[in-house]
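Trainee: Dropping a prediction and its sequence here:
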Amino acid sequence: MANLKEIRNRITSVSSTMQITSAMKMVSAAKLKKAQDAITAMRPYAEKLTELLQNLSATLDGDVGGEFTKQREIKKVLVVAITSNRGLCGAFNSNVIKEVKNRADYYAGKQVDVFAIGKKGNDILTKTLTVVDNQSHVFDHLTFDNVTVIAETLTRKFVSGEYDKIELVYNQFKNAATQIVQVEQFLPLAAIKTDKPASTGDYIFEPSKEEIVLTLIPKSLKTQLYKGVRDSFASEHGARMTAMHKATDNATELRDQLKLTYNKARQAAITNEILEIVGGAEALKG
């Protein structure tokens with residue numbers, strides 16, 4: 001059995017760790033509230049924009065998406081990996097990294113490059129795949145304008161023919177304890193499918209429907225990427241809060257076990273001392 005000093009040192013160490021994880025849990029909980037409010041407020045706009053684009057596209061004939069919908073033979077694929085800049089958030093980053101590697105295996109025989117948004121994904125994926133860019137700084141000031149710059153860069157890469165397909169891989173926020181890894185096709189735009197009938201209202205469009213659709217598509221792409229980054233940001237804090245909550249619980253349990261071990265060891269030491277004293281007294285009497 002370890003001596004009392006070693007056990008006391010371990011109790012002190014575990015207690016310090018427990019204080020750190022508890023503080024990190026509270027910080028993540030506060031940040032999660034803001035991030036959750038942001039993604040919750042944005043979803044109705046993103047859904048309405050998609051609905052508007054669907055209604056307009058359903059009333060048009062032929063290919064009205066221009067360069068954004070052009071289907072080419074897939075030779076070069078760009079996978080956008082959205083992770084975090086910090087760790088200590090459970091399997092949040094590893095799930096995305098694993099899915100990115102799965103996509104690379106899926107496109108075996110084709111050129112697959114990675115566009116990293118997040119330091120953790122960049123650090124790991126650089127070892128096994130080709131990372132063409134890293135935009136981890138976007139999380140320092142997460143705004144629509146900053147994400148728009150990235151969306152425009154990705155769009156140029158597709159329109160210029162540098163890549164034939166672009167996919168997003170990120171964690172979708174469901175709740176603080178659950179994040180779902182999503183793979184979304186960014187470009188080319190997939191055929192819009194909807195069960196809703198096309199709007200038959202008698203509307204006057206100014207400018208034409210075609211021009212409106214071509215204007216909405218870039219905005220829709222920017223919104224899609226921003227939503228993905230926002231989802232990932234909220235998921236990160238949810239995952240970190242959950243991970244730190246579990247770590248705090250584990251540290252509390254370990255501290256209690258160590259205290260029990262310490263008390264047993266101290267009791268055994270006291271008992272041995274008493275036995276030695278009694279044995280010495282009996283020896284003197286004899």
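Mentor: Yep, it's here.
Trainee: Would you state the strands of the stretch 101-250 of the chain in chain order?
Mentor: In the stretch 101-250 of the chain, the strands defined using DSSP state E, counting those that start in this stretch lie at 111-117, 130-134, 165-175, 178-187.
Trainee: by contact count, what packs against the helix or strand hosting T12?
Mentor: Under the assignment given by DSSP states H and E, the secondary-structure element containing T12 is helix 4-58. Using 3 or more C-beta pairs under 8 Å, 6 or more residues apart in numbering; DSSP states H and E as the contact criterion, the neighbours of helix 4-58 among helices and strands are strand 165-175, helix 209-285. For the C-beta atoms, the positions are set from N, CA and C on the backbone; glycine is no exception.
Trainee: The first one packs against which elements?
Mentor: What it means is strand 165-175. Using 3+ C-beta pairs under 8 Å, 6+ apart as the contact criterion, the secondary-structure elements in contact with strand 165-175 are helix 4-58, strand 76-82, helix 92-106, helix 144-159, strand 178-187, helix 209-285.
Trainee: mind redoing it with 10 Å?
Mentor: Contacts defined by 3 or more C-beta pairs under 10 Å, 6 or more residues apart in numbering; DSSP states H and E place strand 165-175 against helix 4-58, strand 76-82, helix 92-106, strand 111-117, helix 144-159, strand 178-187, helix 209-285.
Trainee: Compare the ones you listed and give me the one nearest T130.
Mentor: Go through these one by one with C-beta to C-beta and the one that ends up closest to T130 is strand 111-117, at 4.9 Å.
Trainee: Could you pull up the mean pLDDT of the closest one?
Mentor: Along strand 111-117, the predicted local confidence has a mean pLDDT of 97.
Trainee: Give the partner strands of that strand in its sheet and their orientations.
Mentor: Note on strand 111-117: by DSSP bridges, its sheet partners are strand 76-82 (parallel), strand 130-134 (parallel).
Trainee: Please identify the buried residues of it?
Mentor: V112, D113, V114, F115, A116, I117 (16 or more other C-beta atoms under 10 Å).
Trainee: List just the nearest of those to L189.
Mentor: After measuring the buried residues of strand 111-117 against L189 - C-beta to C-beta - the closest member comes out as F115, at 18.1 Å.
Trainee: gap between the nearest residue to G161 once chain neighbours are set aside and P218?
Mentor: Spatial nearest neighbour of G161, excluding adjacent residues (C-beta to C-beta, 6 or more residues apart in numbering): R72 at 7.5 Å. Taking C-beta to C-beta, to the nearest Å as the measure, R72 and P218 are separated by 19 Å.
Trainee: now swap in I180 and tell me
Mentor: From I180 over to P218 the distance is 27 Å, taken as C-beta to C-beta.
Trainee: quick one on the thing from earlier: could you dump the helices and strands packed on helix 4-58 into JSON lines with distance to S15 and mean pLDDT added?
Mentor: JSON lines is the format used below for the helices and strands packed on helix 4-58 (distance: least, C-beta to C-beta, whole Å; pLDDT from 0 to 100):
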{"stretch": "strand 165-175", "distance to S15": "30", "mean pLDDT": "95"}
{"stretch": "helix 209-285", "distance to S15": "6", "mean pLDDT": "92"}
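Trainee: out of these, nearest to V138?
Mentor: Minimum separation from V138 across the helices and strands packed on helix 4-58 (C-beta to C-beta) falls at helix 209-285, 6.8 Å.
Trainee: Please name every helix or strand in contact with the closest one.
Mentor: Packed against helix 209-285 by the contact rule (3+ C-beta pairs under 10 Å, 6+ apart) you find helix 4-58, strand 76-82, helix 92-106, strand 111-117, helix 144-159, strand 165-175, strand 178-187.
Trainee: Quick one: the buried residues of strand 111-117 as JSON lines, columns for distance to T50 too.
Mentor: Formatted as JSON lines, the entries for these read as follows, by distance: C-beta to C-beta, whole Å:
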{"residue": "V112", "distance to T50": "28"}
{"residue": "D113", "distance to T50": "28"}
{"residue": "V114", "distance to T50": "27"}
{"residue": "F115", "distance to T50": "23"}
{"residue": "A116", "distance to T50": "26"}
{"residue": "I117", "distance to T50": "22"}
